[in-house]
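Asks: with the sequence up front, the predicted model follows.
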Amino acid sequence: MSLVMKDIKEIDKALATLSKSYFDETEQSVEEWLVEELPLAIKHLTDELLPLGPESFQSVCVDYHPPVVHRLWVKWGGKRIFLHKIEKCIPGEIALYHPHPWPSAVKVLKGEYEMGVGEDGKDPKTTLLLKENSNYAMIDPSGWHYVKPLSACYTIMITGKPYDANVLQAANVKPGKGLRPLDNLTKSKLWIEFCNLLEVPISNQMLINLKEAI
């Protein structure tokens, strides 16, 4: 099955149905993740975390398989908030098809990507085109997906506690590859990009401090 949608309401409706079909509910429902947790995380991010500067975030460069992802992340209570810049896949590249080791919810801030969805490592059953302001949740350990950006994409993802080890084994979730942090310049630029996207003011003094640190 292939679903290509341009209207945001149509996308969100399809994703809600898809989440209930492929990503069965665990401790929290899809609605709780998308309606409650994700907006709270974004508010905490814009009001408290981003204004502290890039040094308040840890960073990771995920480049062992397309697409390349630059990540900032921070703990938020028992959850984590991830800020992702996902680079565009070049023609012919195969995007990484993978599960998540924890329940998650995602909001696309900018850009668009094709997402294939399946379960238990089997070939994707559904393909969606996700655009700016679309949201989705993955809360079943058997759920797999890939994202293939058609342009550079910026997303916010929140994650819950990792699934139980036995659940991960049954779902064929394997430990991630060795990753490295972003260099200071890339990290600072990424922080600035997310501040601009989320309309978080950056003081002149902060910019001076960043320039000195770099």
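Replies: Structure received. Numbering: from 1, shown residues only.

Asks: pull the contacting residues for the residue nearest the centre of the chain.
Replies: Closest to where the C-alpha atoms of the chain average out (Cα atoms, centre = their mean) is residue 157, at 3.8 Å. Counting by Cβ atoms under 8 Å, 6 or more residues apart in numbering, residue 157 makes contact with 81, 82, 84, 104, 105, 106, 107. Where you see a C-beta, it was placed from the backbone N, CA and C, and this is true even at glycine.

Asks: could you tell me which of the residues you listed count as buried?
Replies: Buried residues within these, counting neighbours by 16 or more other Cβ atoms under 10 Å: 81, 82, 84, 104, 105, 106, 107.

Asks: pairing partners for the last one in the sheet, please.
Replies: Yep, that's residue 107 we're talking about. With DSSP bridges as the criterion, residue 107 is bridged to residue 135, residue 156.

Asks: thought it was touching residue 135?
Replies: Yes. Taking contacts as Cβ atoms under 8 Å, residue 107 lies within contact range of residue 135: 4.9 Å.

Asks: spit out the residues that contact those two alike.
Replies: With contacts defined as Cβ under 8 Å, 6+ apart, the residues shared by residue 107 and residue 135 are residue 38.

Asks: if we can go back for a sec, tell me the one of the contacts of residue 157 nearest residue 36?
Replies: For the contacts of residue 157, the minimum distance to residue 36 (Cβ to Cβ) is 9.7 Å, reached by residue 105.

Asks: centre of the chain to the helix or strand where the closest one lies, how far?
Replies: Assigned by DSSP states H and E, residue 105 belongs to strand 104-110. Here strand 104-110 is found 6 Å from its chain centre; the criterion is Cα atoms, centre = their mean, to the nearest Å.

Asks: can you check stretch 101-110 too?
Replies: On the basis of Cα atoms, centre = their mean, stretch 101-110 sits 4 Å off its chain's mean C-alpha point.

Asks: which one is the residue nearest to the centre of the chain nearest to, not counting chain neighbours?
Replies: Take residue 157 and drop its neighbours on the chain: the residue closest to it by Cβ to Cβ, 6 or more residues apart in numbering is residue 82, 4.3 Å away.

Asks: flag the shaky bits of the protein, pLDDT-wise.
Replies: Applying pLDDT under 70 to the chain flags the ranges 1-27, 166-178.
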